[in-house]
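> How does the following fold in three dimensions:
(one chain, ligands or ions: 1)
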Amino acid sequence: ADVYGRGLKYERPPFTFQSKEWEGLARERMSRESLGYVCGNASTGETTRKNHEAFQKWSIVPSRLVETSSYPSLKTEVLGQDLKVPIAIAPIGVQRIFNPDGELATAAAAASEGVPYIYSTAAATSIEDVARVNGKGVRWYQLYWPSNNHNELTVSLLQRAKKNGFSALVVTLDTYKLGWRPSDLNNAYNPFLRSDSVGTALGFSDPVFRKNFKEKYGKEVEEDMKTAASDWAGMIFPGFSHGWEDLKFLRENWDGPIVLKGIQTVRDARKCVELGIEGIVVSNHGGRQQDGGPASLDCLVKIVNEVGSKIDIIFDSGIRCGSDIAKALALGAKMVLVGRPYVYGLVLGGEEGVGHVLRSLLGDLTMNLHLAGIQSVSPEHLNRDCLEYSN
Ligand code: FNR
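Now for the predicted structure:
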């Protein structure tokens with residue numbers, strides 16, 4: 001809300017407070033490949049379109065003459081952790097292709113704005129370096145889960161994350177193989193084989209990965225980055241899914257809460273509750289994995305109806321402005337993940353750009369709630385009674 005008072009005067013161009021303009025401005029500054037990667041979706045983009053359309057079916061209905069002497073509180077509690085705001089940085093890989101500072105810029109901005117940072121296994125910066133710039137910020141570790149014959153590598157990643165202050169494990173279940181993405185296929189683009197995203201990049205800092213590579217090829221990772229990048233990609237995207245029974249292994253090797261990302265059905269959400277999983281991210285990866293699927297927001301509604309009180313529910317796929325956040329929270333999510341918008345900020349201005357996007361989204365959310373007479377994001381104030389549905 002502070003930013004509302006200060007206005008554009010203090011935020012330099014190319015920044016804009018109109019969230020709808022971020023993507024267009026960033027598009028002008030990206031290479032064809034980076035643009036295709038971040039803006040691209042699975043196949044025809046039907047899932048992604050539905051993600052956005054779903055928000056339009058819900059309207060926030062305001063209440064008048066409500067006590068609103070202070071701005072609404074944005075505090076939330078997720079996985080037993082007290083959080084200042086109900087948004088977090090969605091895990092997004094290879095951020096150096098968008099800005100040379102990559103993950104370092106995003107993790108620093110997140111810490112400054114009090115926004116939790118979720119680190120991707122496909123990051124272009126090491127776990128340790130990100131933890132250092134993120135400092136006292138809240139950070140969670142997202143796992144692309146290597147196949148069972150690489151359990152030693154998985155354990156190494158989890159131990160490094162734990163040692164570096166990552167306080168929850170987020171396991172992404174919808175990406176054991178990258179989706180059919182025409183933009184990347186047309187550009188013959190593989191983010192993992194680019195010189196600006198490898199290097200210190202990806203898992204190359206991992207001692208188990210390095211040891212195995214040396215045993216297999218008789219040389220160091222740095223001597224053959226291309227093979228190393230392709231080996232690494234093959235490990236974190238093994239091409240087939242684990243089974244529910246494999247979660248035992250993660251439980252045994254991770255001391256802390258576990259969140260499963262990519263849940264879309266009531267059936268799977270119930271299974272998570274049965275297994276004692278602490279949280280889920282209702283997500284379809286922004287429609288980048290499977291086409292012709294349902295809108296993530298529609299999945300949220302069904303899942304909250306069935307298991308809303310039994311597990312912490314986080315939402316992503318389609319969040320673009322303050323009212324989107326308010327709607328997802330009113331529908332029962334405890335927090336939402338911001339994905340592509342912060343990448344546009346990263347393209348436009350590195351750490352400052354990411355900070356701008358986060359501040360804008362939070363300012364927009366705050367004013368929206370304030371003017372709708374909603375006193376906080378807690379379910380007591382922000383709930384389904386604040387919304388009206390029309391098809
Ligand atoms: C992603 N996403 C993702 N998810 C994940 O678990 N690990 C990852 O490494 C990545 N990488 C990634 C790269 C890019 C360029 C994008 C756009 C997305 C998915 C991400 O966490 C989130 O689910 C989506 O971004 C949500 O969709 P919207 O709101 O960005 O459309």
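> Looks like V273 contacts G308 (just checking).
No: proximity of V273 to G308 does not meet the contact threshold set by CB atoms under 8 Å, at 10.5 Å. In this view, the C-beta of every residue, glycine as well, is placed from N, C-alpha and C.
> Those two: who's more crowded?
Set V273 next to G308 and count neighbours by other CB atoms under 10 Å: G308 wins out with 18 against 14.
> Nearest spatial neighbour of the more buried one, chain-adjacent residues omitted?
Using CB to CB, 6 or more residues apart in numbering and skipping the chain neighbours, the partner closest in space to G308 is G332 (4.8 Å).
> Check the contact between the one you found and V304; I expect there is one.
Yes: contact between G332 and V304 holds when scored by CB under 8 Å: they sit 3.3 Å apart.
> Now the common contact residues for the two.
I313 (CB atoms under 8 Å, 6 or more residues apart in numbering).
> For G373, grab the count of nearby residues.
That count, for G373 with other CB under 10 Å as the rule, works out to 17.
> per-residue confidence at it?
pLDDT, G373: 97.
> Could you pull up phi and psi at it?
When read as degrees, to the nearest 10, the backbone of G373 gives phi 70, psi 30.
> how close does it sit to R384?
In this view, G373 and R384 are 16 Å apart by CB to CB, to the nearest Å.
> Tell me which residue in the stretch 151-300 of the chain sits closest to the ligand.
The ligand sits closest to G286 of the stretch 151-300 of the chain, with a gap of 2.5 Å, by CB to the nearest ligand atom.
> Identify the spatial nearest neighbour of that residue, chain neighbours not counted.
Counting by CB to CB, 6+ apart, the residue nearest G286 is S317, at 5.1 Å.
> Now for that neighbour: which residues touch it?
For S317, the contact set (CB under 8 Å, 6+ apart) comprises 51, 282-287, 295-297, 339.
> and the gap between the residue nearest to the spatial centre of the chain and E113?
For the chain, the residue sitting closest to the mean C-alpha position, by CA atoms, centre = their mean, is A90 at 1.3 Å. A90 sits 15 Å away from E113, going by CB to CB.
> ditto for D324
Applying CB to CB to D324 and E113 gives a distance of 18 Å.
> which of the two has more neighbours?
Ranked by neighbour count (other CB under 10 Å), D324 and E113 place D324 first, with 25 against 20.
> Do any residues in the helix or strand encompassing the more buried one lie close to the ligand?
According to DSSP states H and E, D324 maps onto helix 322-330. No: Helix 322-330 stays clear of the ligand (CB under 6 Å from any ligand atom), getting no nearer than 8.9 Å.
> Tell me which helix or strand comes right after that helix.
Going down the chain from helix 322-330, the next helix or strand is strand 335-338, by DSSP H and E.
> Quick one: mean pLDDT for that next one?
Averaging pLDDT along strand 335-338 gives 99.
> got the buried residues for the helix or strand just after it?
Per DSSP H and E, the first helix or strand lying C-terminal to strand 335-338 is helix 340-371. If you call a residue buried by 16 or more other CB atoms under 10 Å, then helix 340-371 has these buried ones: 340-370.
> tell me what the next helix or strand after helix 340-371 is packed against?
Sequence-wise, the next helix or strand downstream of helix 340-371 (DSSP H and E) is strand 387-389. Helices and strands touching strand 387-389, by 3 or more CB pairs under 8 Å, 6 or more residues apart in numbering; DSSP states H and E, are strand 58-60.
> Pull up the pairing partners for the strand it packs on, direction included.
With DSSP bridges as the test, strand 58-60 is paired with strand 387-389 (antiparallel).
> Going along the chain, name the helices of the stretch 101-250 of the chain.
102-113, 127-134, 151-163, 182-186, 207-217, 225-236, 247-253 (DSSP state H, counting those that start in this stretch).
> Contacts (any at all) between the ligand and the shortest one?
No: using CB under 6 Å from any ligand atom, helix 182-186 stays clear of the ligand, coming no nearer than 10.1 Å.
> likewise the third one?
No: residues of helix 151-163 contacting the ligand under CB under 6 Å from any ligand atom: none, with a closest distance of 13.3 Å.
> how about that helix as PDB, C-alpha atoms only?
Taking C-alpha atoms only, helix 151-163 is exported to PDB below (Å, rounded to 0.1, in the frame of the first residue of the first chain):
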ATOM      1  CA  ASN A 151      18.900 -41.900  -4.700                       C
ATOM      2  CA  GLU A 152      22.400 -40.900  -3.600                       C
ATOM      3  CA  LEU A 153      22.100 -37.700  -5.700                       C
ATOM      4  CA  THR A 154      18.600 -37.000  -4.200                       C
ATOM      5  CA  VAL A 155      19.900 -37.400  -0.700                       C
ATOM      6  CA  SER A 156      22.800 -35.100  -1.400                       C
ATOM      7  CA  LEU A 157      20.500 -32.300  -2.800                       C
ATOM      8  CA  LEU A 158      18.200 -32.700   0.200                       C
ATOM      9  CA  GLN A 159      21.100 -32.500   2.700                       C
ATOM     10  CA  ARG A 160      22.500 -29.400   1.100                       C
ATOM     11  CA  ALA A 161      19.100 -27.800   1.100                       C
ATOM     12  CA  LYS A 162      18.600 -28.600   4.800                       C
ATOM     13  CA  LYS A 163      22.100 -27.400   5.700                       C
END
